[in-house]
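Peer 1: Sequence below, structure please.
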Amino acid sequence: MNWRLLTLLVVPLALAYAPGAIALTPTEKNLAFDSYNNAFYVANGGNGYYVVDTNRGAPGRFHFWKVCEQIEAAEDAYDRTGNPAYRTLVASLLNGLNNVISGTTDFASWNEYNDDVMWAVIALTRGYEITGNRAFLDQAQWQFNKVWSRAWDNQLGGGFWWRADKQTKNACVAGPATIAAMLLARNTVNTGYRSQADQIYNWLRSTLYNPSTGQVADHIQANGTKVWWAFTYNQGTFAGASTLLYQATGNASYRDAGGLAVNWTRRNLTGQHLADILNDEYDANGGSGDTAGFKGIFVRWASKWAGAANDASIKSWLSTNANTAWSYRNSSGVMWGQWWRRTPDNYVTSWEASPGLAVSQIPY
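Peer 2: Next up, the predicted model:
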């Protein structure tokens, strides 16, 4: 596919305030995706990948989990459009994850971060749903099972250890793992994933979630101390896990718990530069740091919660964020994670640009 064939981009001057909740048009959403691909996608004999930045650096294992989330954004684009070209792209990206980024289909053999592997499980399972390639689903099951075996135990009442050193049990594993288990359960029969999803979620909800406010703690230490760092990543995956369980059961308690998490985020993780607009969430490593892409994860799952709950207020809020990010795109149509000023033309990382892509692909 030639991603270089783009229509003319017309980029507005920097805005002094956030635009209203006007949903992006389908044409704009497509243009946002095509612009991202023009800037970062490399086709490599059926093993595609997103480069690290506009300098076109090739990604490696260090970038593994970020690549998984960039693949999810491409999967969002397919889910929104059903475009066969996007299906082909998703397959190429998953092949690239295996053959270029990882160099093996057994991610757990070299990656001690259990959250990283769970992100790959999600990307692979969604990829199976899109492409019908059974190898992706088989690989996803294999990797989930390996993490369950090495990282789940009854210390601290259950939960996954974040890494092989077993120092903390984290929301960043439990939320994605619940999502992964639910996705695997809906694509398999008599595999036990549905029961595992309940176990993971129940631990997460009882251990790292504040039912009075909706805040999700980052982790609990081996000594039982909880650390209440707040990240959009954890808020979003809790909401996503709650949404999938609500859709599977019709139990409103899941819907309500997810809603508390989404609304806590809106109240507490916005307004850094513009009222009601999600914070930048950059860390000391700037556009290369892990946190620069966190809110792309949040908007994906918050939008799914809003759709399942039919919450007009959250839909409008997310549309406002999408419209704002798009308003600050650069001359190539790329958005970064600072949704209050224009994206630079000269340099941006694909990771810090991924939240803009994710929010542009929400279905409303």
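Peer 1: Please identify which helix or strand holds the most centrally placed residue in the chain.
Peer 2: Central residue of the chain (Cα atoms, centre = their mean): residue 297, 3.0 Å from the mean position. Secondary structure from DSSP states H and E places residue 297 in helix 294-309.
Peer 1: do residue 220 as well
Peer 2: Judged by DSSP H and E, residue 220 forms part of strand 219-221.
Peer 1: That strand - which strands sit beside it in the sheet, and in what orientation?
Peer 2: Applying DSSP bridges to the sheet, strand 219-221 is found paired with strand 168-170 (antiparallel), strand 226-227 (antiparallel).
Peer 1: Figure out which of these is closest to residue 36.
Peer 2: strand 168-170 (29.0 Å; Cβ to Cβ). (Each C-beta comes from the backbone N, C-alpha and C, glycine too.)
Peer 1: pLDDT on that closest one, on average?
Peer 2: The average pLDDT for strand 168-170 rounds to 98.
Peer 1: what about the helix or strand following that strand, distance to the chain center?
Peer 2: Using DSSP H and E, the helix or strand that follows strand 168-170 towards the C-terminus is helix 171-185. Chain-centre distance of helix 171-185: 12 Å, with Cα atoms, centre = their mean, to the nearest Å.
Peer 1: dump the residue contacts of the closest residue to residue 216 other than its chain neighbours.
Peer 2: For residue 216, ignoring the flanking residues on the chain, the nearest one in space by Cβ to Cβ, 6 or more residues apart in numbering is residue 234 at 4.4 Å. Contacts for residue 234 (Cβ atoms under 8 Å, 6 or more residues apart in numbering) come out as 171, 172, 175, 208, 216, 217, 218.
Peer 1: Run a quick neighbour tally on the second one.
Peer 2: Right, the one you point to is residue 172. A total of 27 residues lie near residue 172 under the criterion other Cβ atoms under 10 Å.
Peer 1: and the gap between it and residue 33?
Peer 2: 26 Å (Cβ to Cβ, to the nearest Å).
Peer 1: picking that back up, could you flag which of the contacts of residue 234 are buried?
Peer 2: Among the contacts of residue 234, those classed as buried by 16 or more other Cβ atoms under 10 Å are 171, 172, 175, 208, 216, 217, 218.
Peer 1: Identify the residues contacting the fourth one.
Peer 2: It refers to residue 208. Applying Cβ under 8 Å, 6+ apart, the residues contacting residue 208 are 171, 174, 216, 217, 218, 219, 220, 226, 234.
Peer 1: Just give me the closest of those residues to residue 145.
Peer 2: residue 174 (16.7 Å).
Peer 1: so which helix or strand takes in the residue nearest to that closest one when sequence neighbours are not counted?
Peer 2: Spatial nearest neighbour of residue 174, excluding adjacent residues (Cβ to Cβ, 6+ apart): residue 204 at 4.1 Å. Taking DSSP H and E as the criterion, residue 204 maps to helix 193-207.
Peer 1: Please enumerate residues in contact with that helix?
Peer 2: 144, 148, 152, 156-160, 169, 171, 174-175, 177-178, 181-182, 184-185, 211, 216-217, 220, 226, 238, 241-242, 244-245, 248, 257.
Peer 1: Generate a PyMOL selection restricted to the buried subset of those residues.
Peer 2: Remark: buried members of the contacts of helix 193-207, expressed as a PyMOL selection using 16+ other Cβ under 10 Å:
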select buried, resi 144+148+152+156+158+159+160+169+171+174+175+177+178+181+182+184+185+216+217+220+238+241+242+244+245+257
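Peer 1: So what's the residue count around the residue nearest to residue 118 when sequence neighbours are not counted?
Peer 2: Leaving out its chain neighbours, the residue that sits closest to residue 118 by Cβ to Cβ, 6+ apart is residue 176, at 4.1 Å. Residue neighbour count, defined by other Cβ under 10 Å, stands at 31 for residue 176.
Peer 1: Provide a list of residues in contact with residue 176.
Peer 2: Residue 176 sits next to 115, 118, 119, 121, 122, 237 when contact means Cβ under 8 Å, 6+ apart.
Peer 1: that older thread, in the helix holding residue 204, which residues are buried?
Peer 2: Per 16+ other Cβ under 10 Å, helix 193-207 contains these buried residues: 193, 194, 196, 197, 198, 199, 200, 201, 203, 204, 205, 207.
Peer 1: And residue 150, how far from residue 95?
Peer 2: The value you get for residue 150 to residue 95, if Cβ to Cβ is used, is 26 Å.
Peer 1: who has more neighbours, these two?
Peer 2: residue 95 (20 against 16).
Peer 1: do you know how far the more buried one is from residue 329?
Peer 2: 29 Å.
Peer 1: same deal with residue 356?
Peer 2: According to Cβ to Cβ, residue 356 and residue 329 sit 7 Å apart.
Peer 1: any shared contact partners between these two?
Peer 2: 32, 335, 343.
Peer 1: Most neighbours of all these, which one?
Peer 2: Greatest neighbour count in the shared contacts of residue 356 and residue 329, by other Cβ under 10 Å, goes to residue 335: 29 neighbours.
Peer 1: Lovely, talk soon.
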